[in-house]
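*Asks:* Build the 3D model from these lines:
(chains A, B, C and D)
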Protein chains: 4
Amino acid sequence: MGMMTGKEYIESLRALNHEVYFMGKKIKNVIDEPMFQPHIHAAAMIYQLAHKPEYEEVMTATSHLTGEKINRFTHIHQSIDDLVKKVRMMRLLGQKTGTCFQRCVGLDGLCAVYVTTYDMDQKHGTNYHERFKKWLVEVQKHDWMPSGAMTDARGDRSLRPSQQKNKDAYLHIKERTEEGIIVSGVKAHITGAINSHEILTMPTRTMGEGDKDYALSFAVPSNTKGVTFVFSRQTNDTRRLDSPLDAGNPKYGIVGGEAVILFKDVFVPWERVFMAGEYDFTTELVETFAGYHRSNYGGCKVGLADIVIGGSGWIAEAHGIGTASHIIDKLTEMIAMSETCWSCTLACSYEGYKTPSGAYHIHPLLANVVKLNITRMTYEWMRLAQDIAGGKIITLPSEKDLDNPESGSLVEACFTGKEGYPTRDIIKMLRLIENMSVGAGLPEAMHGAGSPAAQKIMIARRGGIDKKVELAKTVAGIKEDKLFEEIVGKKEQNHWKEVKNHIDGKKVQIY
Amino acid sequence: MGMMTGKEYIESLRALNHEVYFMGKKIKNVIDEPMFQPHIHAAAMIYQLAHKPEYEEVMTATSHLTGEKINRFTHIHQSIDDLVKKVRMMRLLGQKTGTCFQRCVGLDGLCAVYVTTYDMDQKHGTNYHERFKKWLVEVQKHDWMPSGAMTDARGDRSLRPSQQKNKDAYLHIKERTEEGIIVSGVKAHITGAINSHEILTMPTRTMGEGDKDYALSFAVPSNTKGVTFVFSRQTNDTRRLDSPLDAGNPKYGIVGGEAVILFKDVFVPWERVFMAGEYDFTTELVETFAGYHRSNYGGCKVGLADIVIGGSGWIAEAHGIGTASHIIDKLTEMIAMSETCWSCTLACSYEGYKTPSGAYHIHPLLANVVKLNITRMTYEWMRLAQDIAGGKIITLPSEKDLDNPESGSLVEACFTGKEGYPTRDIIKMLRLIENMSVGAGLPEAMHGAGSPAAQKIMIARRGGIDKKVELAKTVAGIKEDKLFEEIVGKKEQNHWKEVKNHIDGKKVQIY
Amino acid sequence: MGMMTGKEYIESLRALNHEVYFMGKKIKNVIDEPMFQPHIHAAAMIYQLAHKPEYEEVMTATSHLTGEKINRFTHIHQSIDDLVKKVRMMRLLGQKTGTCFQRCVGLDGLCAVYVTTYDMDQKHGTNYHERFKKWLVEVQKHDWMPSGAMTDARGDRSLRPSQQKNKDAYLHIKERTEEGIIVSGVKAHITGAINSHEILTMPTRTMGEGDKDYALSFAVPSNTKGVTFVFSRQTNDTRRLDSPLDAGNPKYGIVGGEAVILFKDVFVPWERVFMAGEYDFTTELVETFAGYHRSNYGGCKVGLADIVIGGSGWIAEAHGIGTASHIIDKLTEMIAMSETCWSCTLACSYEGYKTPSGAYHIHPLLANVVKLNITRMTYEWMRLAQDIAGGKIITLPSEKDLDNPESGSLVEACFTGKEGYPTRDIIKMLRLIENMSVGAGLPEAMHGAGSPAAQKIMIARRGGIDKKVELAKTVAGIKEDKLFEEIVGKKEQNHWKEVKNHIDGKKVQIY
Amino acid sequence: MGMMTGKEYIESLRALNHEVYFMGKKIKNVIDEPMFQPHIHAAAMIYQLAHKPEYEEVMTATSHLTGEKINRFTHIHQSIDDLVKKVRMMRLLGQKTGTCFQRCVGLDGLCAVYVTTYDMDQKHGTNYHERFKKWLVEVQKHDWMPSGAMTDARGDRSLRPSQQKNKDAYLHIKERTEEGIIVSGVKAHITGAINSHEILTMPTRTMGEGDKDYALSFAVPSNTKGVTFVFSRQTNDTRRLDSPLDAGNPKYGIVGGEAVILFKDVFVPWERVFMAGEYDFTTELVETFAGYHRSNYGGCKVGLADIVIGGSGWIAEAHGIGTASHIIDKLTEMIAMSETCWSCTLACSYEGYKTPSGAYHIHPLLANVVKLNITRMTYEWMRLAQDIAGGKIITLPSEKDLDNPESGSLVEACFTGKEGYPTRDIIKMLRLIENMSVGAGLPEAMHGAGSPAAQKIMIARRGGIDKKVELAKTVAGIKEDKLFEEIVGKKEQNHWKEVKNHIDGKKVQIY
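*Replies:* Numbers count the residues shown, from 1 in each chain, chains lettered A, B, ... in the order given. Next comes the predicted model:
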């Protein structure tokens, strides 16, 4: 036991033997399936980098529970420094994989459940927090990757969970026994689910008293009886079966790797249940999770931006237009936007605070600002990447056409650039930009960690508008401005009288 | 002969028997290949609508050469009314297919070569215009779709065509004989190429005296000896082989359908050559074509926007959030942007002018404004579509998973919405939005008809900055303002003197 | 009688002798007051240009009532051509004055009341239209400038007019007599009011049955008993009293020249009353007026943009940075935005339609798009103007400091630029850009003709979302697509079966 | 001695007796001149707050030179914590004054000269640093406000300083004597100059060897012989002479208060000279200053935004539309943008570093990102403020019209709102929003601390594009990816071979 390497992580998945479907077929073993491998490699990068001395500080931490050195992805943040290192780790991993490495959802789930169970126990006298810590120690010891399963299917969004016609639209408790609970329903779009060892569920929204059976959090191993995964289709997913060149980023794949998780009468023993009916803590759990998770996007997506900016710059060079003023201007705009997002995520980490549980949380207002910016700026920088890279990214023929003995060389000649830039390298880069900018990455940047509407609600709520109104009223002169009176040494109205006299030509010494 | 129907168009392609490759394999017959069919259907829609009485006015015209009723896609615009109807036709076709219908490139090529050959003959005493008209009559009679082959591969863009190491980077004349010319090289990213009857080539940029062999325009049938097509990969292209549902728009496909066209020692008889060395007319040809083509984007892309806006609105309804204020606001923004682009294309059509050839051309400055707006606003409205539709568009499982007898019904339940909205209909719409917003459509909107940088050069050149400087100098008082002096009835300086006197309290009657 | 010249217009105001206040003082005669003169000059430009042969076509029209040649500002649009010429006139006047020329509000009022009274009479059997035409003939004969007085004070906007505590928040009928009506209340922010011969009032919003006394339109001369004007303060207004150079555009002034009009028991004879209680036509009147008025902004503001673009370009030259790539890029963006707005206004004019009254109206959806774009793009191009011009525009000393014998020459030296550009010319241009970009122009572009929220309501209402939903459903395959079945020559489901068979390797000839 | 209060600061200016002109007149004493008082009050707020226990931590520091408690505006940052507190102080002061408090230019000058003189001495063996520290101790002891005089007039910007025809376009050394230097020339647009005790000059740009006499930094008291100040005009400046209500923010005034400083043969003793010819350190001095100064804008302007947001929210309430969804959305957007800028400035402070001199400097890339965002987002939030506040902000009559016994009450009635919101309070707030959004504030946000073009050059230079290219090449597969090979446990090409075999149906166990 202890921290796994990338290869050990891959091997650990072989043993899982969980129920996974893709395109109607059952997948025997996820690691032998080329469709899944890039996603697995991206997650494996997390495990691999943790063993590199140059990244040790950002990639690892010391468990506050066991004192052991652990992968930071299983660590509960114990300081501002931990929060800052977390986002540095996110950017680093984005830079190394060019895609989503999936494990952050579980990490944020760990931290959010940690914080919330503590507060829940304080109020309700429950012992969820201790249960959770026991499971957490196992996660840290085995270096498990738990998927963070929050989003429910939701059905008709104008109805509450308990009002849905389709009961499975939300994951819910069907029965409570002495040993545990029996749950059914669906969690949708769960990132990294098919290559995670465990599933950690959380409610997707605030629940009311009528939705008690939906106020639910627990952990089960991925291979639990009754749990089925259905892997989603992604943009250009089967291209990796056609040729590595066509795929764009064949090593680490396309963002996401989401799956639907079906729960059919799944039994969960009480020691793995962390919320079961405490609807009054669903808001805290959801918002705590969302806060952590939204802050990450200024890390990982900026790491991706680094690649897209570098790739665009290189392509411009390869096309012979690297020094054109409009190219430099576009690259500069891309850098400015990505560093803006980076600044936001740094700020919301540096301005974090200690929760009653002892864990540190990010600054909630600023975390929502991070994510709202990402939902717009990512689109902008990808638009600029496409502008620089050219229409080629969507009109490249298949690698098989390059290999065609009859016409391949002519086809290849079609994509030559400046001398010194091999044509297949140019194509590799164009395909990478296609992969990153024309695809699932953008909707993921939009909706991962909640939609912009969700962020705006939080920003409105946490923006401090009332305090701002007071500031404005004071400066406007609607409210008494004591500081002004101290400065001028008299009542405000007297001051204006003296000013008026002075203007009218009466010799008044105002001060 | 005469106007073909959609079905006749498809049949006409069967006879072509041209040399087409896709993913390394030679395609026997393009119409039997499911990979190509959606593109063919989209083009067939043009043929089909021309036979509908309700669309007759926009879809057909009367040939000024033969007096016959023809498909407007083979018509040389004879009036402002023709220009306006052309863009109405574009929007209509966008609304009917949700994708690129490909035939406008050829249409714009016809018009641009028509205009330029006329002017060329006037200066050089050549007879290109008559040759071209003869071929044009054939195009109209047979209702041929010619692809417009402009973009060269271009290699190192810091070098001129004749300076390229790879000679095939630009299509060029290898030899001139009494019967015609022999040409080689490559045209890249040619829209609709594999389902066009003819190829009409044009130079891709302004040529200098040293680039005479590259100043080249001609037409050949698609099945000419030495001509090979290599079809490009598109976003999610092979999904249509997996299931219609997965594909998004299985009927009309994904935008584009571009192909590389390889010319290897292709012989072109003189009667089909429309420019061969007249480098001094390459600017006119390129700019005339670009003007026409850029104006179209405010038609077709707005037709696509209509679908995306309608689809987003419907999805919001189906999810139970159709009346949320932020949804209505986003739909309104999408409409405002799309109607802005539509207004620009209407304006550049209404403000068109008659060229010496008798053909009408659009307003060049405004046409470039159309396209520049499209390169930005399309991204914006697609972003909003993704915002409304939700992350689901990139996490939908395959149709095969819905059909899976074991878990299919549970998976399907996962995507239910409001009552009255069948789940598979919801999925169809989500896949359509995915198809239109996550894919080739955006880079096509960016680079089709030239990149934003190209539009900005034209806008700077045609923007009339000098005239604006004079206006500013007159109002600022740097230049004499005669109108002001007429209004006040005296010299400007006298006016200010009187004003000064008045202010100083001298009773002056200023007027 | 007949069309006045600029000078005649000015003289005609001398006779008015209406009740005008500014900064607490009664103004004897508006034309002798330097504070008002620039506004008067701007309106006078309209009169002056109408006598210039080169502008005759855009500036004048033939009255459909009298057959006389009239200033277009008193003309009811009789054709699409009239609508287009109107916006060309707006741009021209913007280019000549660099500011608001005020008379368009009245023009749009004339047209809107003309259209609405016709429809009102049709329904209610009233004879408002004939009354109105009689007054209109007088307006045309005397070449009067009527101010268009629409906006009421509105008080608490969550309450209807009849619910307001302050009765004067909306102009209303206090009493009806046989001879006419007696009205009281306030019209706020009325453009050009103090230099108009007449006042034409209109309701500011849709009225309900309870608001009958507020459903009110009439015309009175500006010097009617009980009518008082209070002129507003504008940005930097008194600078024109300090020095022409400091003022920026001393000849034509700052945008607007708005005034509050107070009505205190004003008697209006029936022949000048055009609506008195017909609340069911308030929507039509307001929307017709708004449609016309919103379309103008793509004319006048683009004329202003022409000056700001030219001025910025000239300043860059004068500073020695005229050829810097970022300067050219900014100017190009400014041109692209202004021509976008121009295109929108052209389009909404060209796509106009004939109303039952015979008058032509613009395209309502596109007119709202014009104005919404103006509320954003004006800010953008002014921002870029400030970017190019430099911080100097807000740190220039007074002309009096330049004239100071002690330090003036040193101060002046401070603002030298490239050789050949006199320093005071540079200062004139900087002050003009200050005047146009740092001031009332921007909020006017925002709120004139209604706020963005008003435009968005209209766009949502007129955007045709239902039709778009049908288009999307057809392409998505939710609704039957007959055209597709015609193209493929079979039922859609049969087509997919055949495609499936083909993919599965069964030799199927699909067509 | 020691920290002054606001009132003491004002008194200290009385003694200065420096040479100040405004609008052509010599001003006897700046503190008795109502035109200058608001600027003086804003600066006085800095002095006043330093004595408030609740702000002690952000407003004061301990001098590293004397160990005394000093106003933070004279402190050299000794830690990251100092940098963060500095921007907190900026935001606080923006919130208290609603305008520019002017003293930060001098502060950044102190820090930049401190850092650069240290490095200069290291290289050149000069003793500028010690000289500077001596003067700095005086500054701290007397709590002086030095103006930071950087911007030169610059003349023709395509020419170097030494090439200018007008020698005074750049401040320069005319003569060097044993006692000191004699300087002449002009510094333009210097913030807070007329109410500063001292002037600290710095070069405005990188100087070359030929510009040695322009590579110049020194400090002189404001009342030094040969120094003349000419105060600039600001938007609506003289309104404060008309009435406090008309002015908007009569207490603290309009942003800026810039002045031209004329130097005519001014003698500077060597002990006050900190650079005299060391052109090779001009880049460091300029960039160090710019870095500090650009970072501030995310503090002060966000403080201003707080007021504008609060004021807009209050006005919406007062108008009865406070809960309209579009109002809430606009306020939320304003908050999101302002907190984005705030995050950027926090991040560039938290990510600061220690210079060789011991002083801490901010993160240069991120500081430029701060300022570039400010040059855009400020315009956006002010646009939204104007949207919410309404056109009223530019059509309010003068306070004198409200006080007019004849019509005043009717005029006042015109601006009533919801019950409970006194009309004059509404007007006060509208005038404040006018003051802040329609005026000098925006160009100041654009050009203060350098124009956007300057920021973009720095961002391009510091953006690390080369490193990003390497990241992209590694992920694209152009460069060897050792981490990938470690993860998969074999060479990359072998991996793809095995994948291919697996896809081709050969049973290969890939891991």
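
*Asks:* I'd like to know how many residues surround the residue of the stretch 151-300 of chain A found nearest chain C.
*Replies:* Closest contact between the stretch 151-300 of chain A and chain C, by C-beta to the nearest C-beta, is at residue A:238 (13.6 Å). (Each C-beta comes from the backbone N, C-alpha and C, glycine too.) Counted with other C-beta atoms under 10 Å in any protein chain shown, the neighbours of residue A:238 add up to 19.

*Asks:* thought it was touching residue A:34?
*Replies:* No: applying C-beta atoms under 8 Å, one finds residue A:238 not in contact with residue A:34, separated by 9.8 Å.

*Asks:* which residues does residue A:172 contact?
*Replies:* Residues near residue A:172 by C-beta atoms under 8 Å, 6 or more residues apart in numbering or on different chains: A:161, A:183-185, A:213-214, A:216.

*Asks:* The lengthiest helix in chain A near chain D anywhere?
*Replies:* When chain A is parsed with DSSP state H, its longest helix is helix A:282-318. Yes: using C-beta under 8 Å from any C-beta of the partner chain, helix A:282-318 comes into contact with chain D via A:306-311, A:313-314.

*Asks:* Just the buried ones from these, in ChimeraX syntax?
*Replies:* Only the buried members of the residues of helix A:282-318 next to chain D end up in this ChimeraX selection, burial being decided by 16 or more other C-beta atoms under 10 Å in any protein chain shown:
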select /A:306,307,308,309,310,311,313,314
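
*Asks:* Buried residues, the helix or strand of chain A with the lowest mean pLDDT. List them.
*Replies:* Sorted by mean pLDDT, DSSP states H and E, the helices and strands of chain A end with helix A:408-413, the least confident at a mean of 88. For helix A:408-413, burial by neighbour count (16+ other C-beta under 10 Å) applies to A:408, A:410-413.

*Asks:* coming back round to it: and which of the residues of helix A:282-318 next to chain D is nearest chain B?
*Replies:* Set against chain B, the nearest of these by C-beta to the nearest C-beta is residue A:308 (13.7 Å).

*Asks:* In the stretch 251-400 of chain A, what residue lies closest to chain D?
*Replies:* For the stretch 251-400 of chain A, C-beta to the nearest C-beta, closest residue to chain D: residue A:310, 3.0 Å.

*Asks:* contacting residues for that residue?
*Replies:* Residue A:310 sits next to D:465, D:467-473 when contact means C-beta under 8 Å, 6+ apart.

*Asks:* Contacts only, for the closest residue to it other than its chain neighbours.
*Replies:* Residue nearest to residue A:310 in three dimensions, not counting chain neighbours: residue D:468, with 3.0 Å by C-beta to C-beta, 6 or more residues apart in numbering or on different chains. With contact set as C-beta under 8 Å, 6+ apart, residue D:468 has these partners: A:306-307, A:309-310, A:313.

*Asks:* Make sure I have this right: residue D:468 is in a strand.
*Replies:* No: counting by DSSP: H, G, I helix; E, B strand; the rest coil, residue D:468 is not part of a strand but helix.

*Asks:* Please report the distance of residue A:472 from chain C.
*Replies:* Counting by C-beta to the nearest C-beta, to the nearest Å, the separation of residue A:472 from chain C is 18 Å.

*Asks:* circling back: need the contacts of residue A:172 in TSV (columns: neighbour count and pLDDT).
*Replies:* Shown next, in TSV, are the contacts of residue A:172 (neighbours: other C-beta atoms under 10 Å in any protein chain shown; pLDDT from 0 to 100):
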residue	neighbour count	pLDDT
A:161	25	95
A:183	25	98
A:184	19	97
A:185	28	96
A:213	23	97
A:214	25	97
A:216	27	98
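
*Asks:* Return the subset of those lying in strands.
*Replies:* Among the contacts of residue A:172, the ones falling in strands (DSSP state E) are A:183-185, A:216.

*Asks:* Identify the farthest-apart pair in those residues.
*Replies:* Based on C-beta to C-beta, the longest span within those runs between A:184 and A:216 and measures 11.0 Å.

*Asks:* okay, and the common contacts of these two?
*Replies:* Shared contacts of residue A:184 and residue A:216, defined by C-beta under 8 Å, 6+ apart, are found at A:171-172.

*Asks:* which residues of the stretch 301-450 of chain A fall in strands?
*Replies:* With DSSP state E, counting those that start in this stretch as the criterion, the stretch 301-450 of chain A has strands at A:353-354, A:360-361.

*Asks:* which strands and helices sit next to the last one?
*Replies:* Meaning strand A:360-361. helix A:80-97, helix A:282-318, strand A:353-354 (3 or more C-beta pairs under 8 Å, 6 or more residues apart in numbering or on different chains; DSSP states H and E).

*Asks:* Now tell me what touches it from outside.
*Replies:* With C-beta under 8 Å, 6+ apart as the criterion, strand A:360-361 contacts A:77-80, A:82-83, A:111, A:115, A:288, A:291-292, A:352-355.

*Asks:* So what are the sheet partners of it and their directions?
*Replies:* Paired with strand A:360-361 in the same sheet, following DSSP bridges, are strand A:353-354 (antiparallel).

*Asks:* Pull the residues that contact the partner strand.
*Replies:* Here strand A:353-354 has contacts from A:360-361, A:363, using C-beta under 8 Å, 6+ apart.

*Asks:* starting at the chain centroid, how far to that strand?
*Replies:* The gap between where strand A:353-354 is centred and where its chain is centred comes out at 21 Å by C-alpha atoms, centre = their mean, to the nearest Å.

*Asks:* for stretch A:46-57, same thing?
*Replies:* Its chain's C-alpha centre and that of stretch A:46-57 lie 21 Å apart, by C-alpha atoms, centre = their mean.

*Asks:* Endpoint to endpoint, that stretch covers what distance?
*Replies:* Start and end residues of stretch A:46-57 are separated by 13 Å (C-alpha to C-alpha, to the nearest Å).

*Asks:* Residues in contact with it: which ones?
*Replies:* Residues outside stretch A:46-57 that contact it (C-beta under 8 Å, 6+ apart) are A:3-9, A:59-60, A:71-73, A:85, A:92-93, A:96, A:101, A:103, A:143, D:483, D:486-487.

*Asks:* Among those, name the ones in strands.
*Replies:* A:60, A:71.

*Asks:* Show me which of the contacts of stretch A:46-57 are buried.
*Replies:* Listed as buried from the contacts of stretch A:46-57 are A:3-7, A:9, A:59-60, A:71-73, A:85, A:92-93, A:96, A:101, A:103, A:143, D:483, D:486-487; burial here means 16+ other C-beta under 10 Å.

*Asks:* okay, now whichever residue of the stretch 301-450 of chain A sits closest to chain C: neighbour count?
*Replies:* Nearest to chain C in the stretch 301-450 of chain A, going by C-beta to the nearest C-beta, is residue A:325, at a distance of 3.7 Å. For residue A:325, the neighbour count with other C-beta under 10 Å is 13.

*Asks:* Tell me who's in contact with the nearest residue to it once chain neighbours are set aside.
*Replies:* In space, and not counting its chain neighbours, residue A:325 is closest to residue C:325: 3.7 Å by C-beta to C-beta, 6+ apart. Shown in contact with residue C:325 (C-beta under 8 Å, 6+ apart): A:325-326, A:329.

*Asks:* Just name the closest of these to residue D:370, please.
*Replies:* Taking the contacts of residue C:325 together and measuring to residue D:370 by C-beta to C-beta, the closest member is residue A:329, at 19.2 Å.

*Asks:* So the closest one is in contact with residue D:459, correct?
*Replies:* No: at 10.5 Å, residue A:329 does not count as touching residue D:459 under the criterion of C-beta under 8 Å.

*Asks:* ok, the residue of the stretch 151-300 of chain A closest to chain C to chain D distance?
*Replies:* 10 Å.

*Asks:* for that residue, phi and psi?
*Replies:* When read as degrees, to the nearest 10, the backbone of residue A:238 gives phi -80, psi 0.
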